[in-house]
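1. Fold the following.
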Amino acid sequence: MERHELQKLRDLPIEGVAERLGLEVARHKALCPFHDDHHASLSFSPSRNTYRCFACGAHGGVIDLVMNRLGKGFREACEWLGATPSPSLPEERAYIGTTEHSSPSGEVGRGVAFYARFFEHPFLSEEARRFLYDERRLDPRVVRWCRLTSWRDRRGVPWLQIPYYDREGRLVGLQNRNLVPGALPRFRFPQGARCGIYNLPVLARLRPGDDLWITEGASDCWAMLSAGRKAIAIPSATLLTREDRELLLSLSPSLSLTFRMSPDRDLPGEQLFLRLREVLPTLRRHQLPPDCKDFSDYYLRHLRPP
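-> Numbering: from 1, shown residues only. The predicted structure is shown next:
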């Protein structure tokens, strides 16, 4: 098992794992299952993601807890954690609809298929939560809808994982974003990932006469969704496949959609808008104010909730 996959298992919230193991956790404590306990001697540290019994001395992390509680070896405990739904988040319907993303099927790159199960039950590290909620001020429902999750590489660098789904909700691509400010590389794409139009599952939520916003990149798309708008993202008009262009063209006559865009206030943003106008002649421009370089900036300055 790869080191970064092990790290994802170790990062699962230990109290949630304990509850799935049958322990009743209250106020970060539970009856210790490793001795005849009657006073809730087992204590959990959410910040360290560890457990310790102050009576019998049992202690460890997530994998240790599974090994000791179920009497499994290291490999079997990891398999149990990997095959068991994550207990870290409550069951919840997806944002902007009720269709859950399904597991990938069909022709999917090996690198993408490797990560598929982690997006079924996402987990956000402290760095990811700070980036998404404190810095970006995103609506938590948007984060859940987009199935954003996080991991650490073998050097301990935190990454945000951004899944790309096709229109039917099958995983087809994956983008990794470095969460260390100013660090390079900023993005990584696993082998076999196909990242074209982002947030295609939102198309299932469109109704006749709706507006569909086109953004440049996933970050602006999250801001659009958090602002209550239905949106997709396109990294570059030159990367649009024939199938992507045909898909966009088919939406307007079938649903009487209005395509809208607030281009970034720079040369690449203007070029993207002009190239998309060639594909979508009815694409409408919404100019950002002078103090905003992109829609994410506009969202933070003018639209974010108090």
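2. where along the chain do the strands fall?
-> Along the chain, the stretches classed as strands by DSSP state E are 29-30, 42-45, 50-53, 59-60, 149-152, 158-165, 171-178, 187-188, 211-215, 231-233, 258-261, 284-285.
3. chain center to the fifth one, what's the gap?
-> Computed by Cα atoms, centre = their mean, to the nearest Å, the separation of strand 149-152 from the middle of its chain amounts to 9 Å.
4. Packing partners of that strand?
-> Packing partners of strand 149-152 (3 or more Cβ pairs under 8 Å, 6 or more residues apart in numbering; DSSP states H and E): helix 3-10, helix 110-120, helix 126-129, strand 158-165. Every C-beta, even on glycine, is put in place using the N, C-alpha and C of the backbone.
5. Check these for me: which has the lowest mean pLDDT.
-> The minimum mean pLDDT among the helices and strands packed on strand 149-152 belongs to helix 110-120 (a mean of 66).
6. all helices for this structure, in order.
-> Along the chain, counting by DSSP state H, helices occupy 3-10, 14-20, 62-70, 74-83, 110-120, 126-129, 140-145, 218-226, 242-255, 267-279, 295-298.
7. picking that back up, which among the strands of the chain is found nearest to Cys292?
-> strand 211-215 (13.4 Å; Cβ to Cβ).
8. I figured Arg167 hits Leu206, correct?
-> No: between Arg167 and Leu206 there is no contact, the gap being 10.9 Å when judged by Cβ atoms under 8 Å.
9. so the residue nearest to Ile214 when sequence neighbours are not counted bridges to which residues?
-> Nearest non-adjacent residue to Ile214, counting by Cβ to Cβ, 6 or more residues apart in numbering: Met261, 4.6 Å away. On the basis of DSSP bridges, Met261 is bridged to Ile214, Arg285.
10. quick one, which of the helices and strands packed on strand 149-152 is packed in tightest?
-> Highest mean neighbour count of the helices and strands packed on strand 149-152: strand 158-165, a mean of 22 (counted as mean count of other Cβ atoms under 10 Å).
11. in its sheet, what does that strand sit against?
-> Strand 158-165 has the following strand partners under DSSP bridges: strand 149-152 (antiparallel), strand 171-178 (antiparallel).
12. just the angle between the longest one and helix 218-226, please?
-> If you take axes from the mean of the first three to the mean of the last three Cα atoms, to 10 degrees, strand 171-178 sits at 110 degrees to helix 218-226.
13. can you give me the offset of strand 171-178 from its chain's centre?
-> Strand 171-178 sits 9 Å away from the centroid of its parent chain (Cα atoms, centre = their mean).
14. Just the C-alpha atoms of it, please, in CSV.
-> Output of strand 171-178 as CSV, limited to C-alpha atoms (Å, rounded to 0.1, in the frame of the first residue of the first chain):
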residue,chain,number,x,y,z
LEU,A,171,-15.2,9.8,-12.3
VAL,A,172,-13.1,10.7,-15.3
GLY,A,173,-10.4,13.0,-14.0
LEU,A,174,-8.5,14.3,-11.0
GLN,A,175,-6.7,17.5,-10.2
ASN,A,176,-4.4,17.9,-7.1
ARG,A,177,-3.9,21.4,-5.7
ASN,A,178,-1.0,22.2,-3.4
